[in-house]
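Colleague: Model the structure of this input:
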Amino acid sequence: MNHNRKILIIGASIAGPTICYWLKKYGFNPTLIERSKQLRTGGYAIDIRGIAADIVKKMGIYDDIYAKRTSLLSTRYVDADGQTLSEEHGEKAGFREGDDVEIVRGELVNILLKAIPDVPCHFHKEIISLTQKDQVVEVTFKDGHIERYDLVMAADGLHSSARGMTFSDEDCQLFNLGSYISVFSIPNYLNLNRIQVLFEKDQKLISMVSDKDPDRAFATFAFRSKKALSGIANEKEQKKCLRDWFCDLGWASNKILDLINDSDDFYFDVMAQLKIDSWTKGRVALLGDAGYCASPLSGQGTSLAIVGAYILAGELKSAEGDYSVAFKRYNELMRPFVDANQDLGVWVGESFLAEGEVSKEIIEQRSSVIMEKMKMAANAISLPDYV
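Modeller: Next comes the predicted model:
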């Protein structure tokens, strides 16, 4: 292997550090950049399921992830008065089984970055243009510096700026699934101890969960809208939107809305999927949510990122750096897995946020079906053994 070794990875979330690990292992020279000033700690809990769990075992970090995992005792659905409708204990409540594991996003990123000590990682580093030439990609950074790389891989999320520098609007279609989600931390005023409580009514859902920090809890608002929302460009407008939708809904809605302004980690976004015919163009490849976001409703975004990183790096190894061969195989191998998980996201979106009030029977029947569909989607690919 004597060509296409110098590779820029954009985005230090899940897919970025994961592909850096494998590229370095296979003799490539990756560099990781992140536009944020520092590692973003905390965040909501994410899942590693099925095939993705096998990959982090291959990386030797599964035990570290398991040690930092969330560990809920139960998940409880309540009605508008706070009375229990249904309760599930253990990992099954999170649609996990076997070696599946849930971990706070920031904890996972920290573990991944520690697994790549020999890979240059630069925070507060942003690009403003990508120009593909015959043998290289010319990258212009915000500070004016220009660097040339053999390959560039964009792993900077659903709203990827790097993607827009290579792929046109005609290449990519962002599908609004008709729902919105917001996640933020608040004081654990209910004194939840490794418990998640959910309330669902009139196509709206509220969740509150506390795991390792007894003083803090994560609140989630999700709701369905028949039309795309406008006037939600900034945090102030997004919080007003939540007040408009959830005020007087029931259970803890008003109390959580009262606490929302004190949150310093507020997140709000549309639940959407990204549809692209090819995740590669020239010498640029897309990874994770930047290429095939399945929406938070799928519960499979992290697993997609880990699997995609493993496949892309492995195919570059197998092709001895011939990116045209590797990129073609990457698209072929990932397509069925991405399709299965995007289909799952659509199905879950249609099953949750139902009209009216949910009953114990609806909750338990839905949970049973989701568990089976989640298992199938999480294992909808056979991993090549590149090592």
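
Colleague: quick one, strands of the stretch 201-350 of the chain?
Modeller: Listed in chain order, the strands of the stretch 201-350 of the chain (DSSP state E, counting those that start in this stretch) span 204-210, 216-224, 267-276, 280-281, 284-286.

Colleague: what separates the most centrally placed residue in the chain from Arg148, distance-wise?
Modeller: With the centre of the chain defined as its mean C-alpha position, the nearest residue by CA atoms, centre = their mean is Gly301, 3.9 Å away. Distance, Gly301 to Arg148, by CB to CB, to the nearest Å: 32 Å. (C-beta placed from N, C-alpha, C; glycine too.)

Colleague: Using TSV, lay out the strands of the stretch 201-350 of the chain together with distance to Asn331, mean neighbour count and mean pLDDT.
Modeller: Below are the strands of the stretch 201-350 of the chain laid out as TSV (distance: least, CB to CB, whole Å; neighbours: other CB atoms under 10 Å; pLDDT from 0 to 100):
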stretch	distance to Asn331	mean neighbour count	mean pLDDT
strand 204-210	35	21	92
strand 216-224	32	21	92
strand 267-276	10	19	92
strand 280-281	6	19	96
strand 284-286	9	27	98
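
Colleague: Those: which one's closest to Val104?
Modeller: Among those, the nearest to Val104 by CB to CB is strand 216-224 (8.9 Å).

Colleague: Who are the packing partners of that closest one?
Modeller: If contacts are counted by 3 or more CB pairs under 8 Å, 6 or more residues apart in numbering; DSSP states H and E, strand 216-224 sits against strand 172-187, strand 204-210, helix 235-246, helix 253-259.

Colleague: Looking at the ones you listed, which one is packed in the most?
Modeller: strand 204-210 (a mean of 21; mean count of other CB atoms under 10 Å).

Colleague: how far does it sit from the chain's center?
Modeller: 18 Å (CA atoms, centre = their mean, to the nearest Å).

Colleague: Adjacent strands (with direction) for it?
Modeller: strand 195-201 (antiparallel), strand 216-224 (antiparallel) (DSSP bridges).

Colleague: Out of those, which is closest to Ile19?
Modeller: Closest to Ile19 of the strands paired with strand 204-210 is strand 216-224 (CB to CB; 28.2 Å).

Colleague: Can you pull out the residues in contact with the closest one?
Modeller: The contact list for strand 216-224 (CB atoms under 8 Å, 6 or more residues apart in numbering) reads 44-45, 178-190, 192, 203-210, 242, 245-246, 256, 259-260, 271, 352-353.

Colleague: so what's Arg283 up against?
Modeller: Contact partners of Arg283, counting by CB under 8 Å, 6+ apart, are Gln132, Val136, Val137, Asp150, Leu151, Val152, Tyr323.

Colleague: Next, work out how far apart it and Ser263 are.
Modeller: For Arg283, the distance to Ser263 (CB to CB) stands at 41 Å.

Colleague: Now distance to Gly50, neighbour count and pLDDT too, for the contacts of Arg283, in CSV please.
Modeller: Shown next, in CSV, are these (distance: CB to CB, whole Å; neighbours: other CB atoms under 10 Å; pLDDT from 0 to 100):
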residue, distance to Gly50, neighbour count, pLDDT
Gln132, 35, 15, 95
Val136, 37, 17, 95
Val137, 33, 22, 96
Asp150, 32, 18, 96
Leu151, 28, 26, 97
Val152, 29, 23, 98
Tyr323, 28, 22, 96
